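Novice: Got a sequence here, can you model it:
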Amino acid sequence: MSASLIIVAYQKPVLLERYVSSIRRFEDLSRLELILVDVAPNGLPDVRCDQYIGLGKASYAEAVNAGLRAASHDYLIWGNEDIKVSGPFVEQLLVPVVEEHRMIAGPNQRADLGWPFVVGWLVAMHRIALEEIGYLDEQFPGTFEDTDYGARCYKAGYRIERVEGLPVRHISLGRLNQHLMDCQEMFLNKHGMGPKA
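Specialist: As a prediction, the model looks like this:
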């Protein structure tokens with residue numbers, strides 16, 4: 001199967017270069033469309049990709065959506081630039097989505113506020129999700145857009161699945177700040193507490 005891999009880049013050129021180099025080393029590039037969405041274009045390394053989208057200042061949801069709009073394949077993977085890869089992962093990540101198109105999958109599944117979702121640093125889905133659920137909600141300015149997408153998918157009857165054993169790791173530290181709290185309030189205003197709360 002062929003897939004579009006969307007990488008959102010934000011001022012971490014060394015990590016971006018390592019991530020893309022690892023993808024090129026481990027994956028079959030004839031079956032992978034690399035889309036780089038740059039939300040702070042300044043001083044990125046010369047990274048070879050199939051499509052480059054320079055957005056200037058944009059939220060994570062806006063960046064992912066720009067990549068999803070540009071993607072040409074039915075299998076879609078999106079995520080951050082700060083991912084450490086130690087082996088091939090794309091085919092294994094896509095297995096649940098190939099078996100069931102109404103599925104959102106990734107290496108890190110959570111249930112914040114009772115709603116199940118795949119954490120947005122690496123997410124796999126089928127284009128059917130875009131047709132049925134739509135794009136990420138751009139009102140979320142950089143946190144909880146993945147939680148919101150998971151809640152919307154869950155409400156529509158999608159399965160949310162964690163893919164175990166992938167040779168990938170998110171290497172940036174999490175942060176708890178006012179921005180996170182503001183986004184949590186937005187999410188609660190939109191969805192309320194989750195079905196498992």
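
Novice: In this structure, where is pLDDT below threshold?
Specialist: Residues of the chain that meet the criterion pLDDT under 70 lie in 41-45, 173-180, 196-197.

Novice: Please enumerate the strands of it.
Specialist: Per DSSP state E, the chain carries strands over the ranges 3-9, 32-38, 51-54, 75-80, 83-85, 103-106, 109-112, 115-118, 122-126, 159-162, 168-170.

Novice: Relative to the whole chain's centre, how far out is stretch 1-8?
Specialist: On the basis of C-alpha atoms, centre = their mean, to the nearest Å, stretch 1-8 sits 10 Å off its chain's mean C-alpha point.

Novice: got it, and stretch 79-92?
Specialist: With C-alpha atoms, centre = their mean, you get 11 Å for stretch 79-92.

Novice: so residue 101 makes contact with residue 130?
Specialist: No - taking contacts as C-beta atoms under 8 Å, residue 101 lies outside contact range of residue 130: 11.3 Å. C-beta: built from backbone N, CA, C; applies to glycine.

Novice: Do a quick rundown of the helices in this protein.
Specialist: 13-26, 60-70, 90-99, 127-132, 145-155, 178-191 (DSSP state H).

Novice: To residue 48, which of those helices lies closest?
Specialist: Using C-beta to C-beta as the measure, helix 13-26 is the one of those that comes nearest residue 48, at 7.5 Å.

Novice: Tell me which other helices or strands the closest one touches.
Specialist: Here helix 13-26 touches strand 3-9, strand 32-38, strand 83-85, going by 3 or more C-beta pairs under 8 Å, 6 or more residues apart in numbering; DSSP states H and E.

Novice: Tell me the strands beside the shortest one, with direction?
Specialist: Sheet neighbours of strand 83-85, with direction, are listed as strand 168-170 (antiparallel) (DSSP bridges).

Novice: sorry, back to before: same list (the helices and strands packed on helix 13-26) but as a markdown table, adding distance to residue 158 and mean neighbour count.
Specialist: Shown next, in a markdown table, are these (distance: least, C-beta to C-beta, whole Å; neighbours: other C-beta atoms under 10 Å):
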| stretch | distance to residue 158 | mean neighbour count |
| --- | --- | --- |
| strand 3-9 | 18 | 25 |
| strand 32-38 | 23 | 22 |
| strand 83-85 | 24 | 18 |
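
Novice: Turn these into JSON lines, including distance to residue 61.
Specialist: Listed next are the helices and strands packed on helix 13-26 as JSON lines, based on distance: least, C-beta to C-beta, whole Å:
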{"stretch": "strand 3-9", "distance to residue 61": "10"}
{"stretch": "strand 32-38", "distance to residue 61": "11"}
{"stretch": "strand 83-85", "distance to residue 61": "18"}
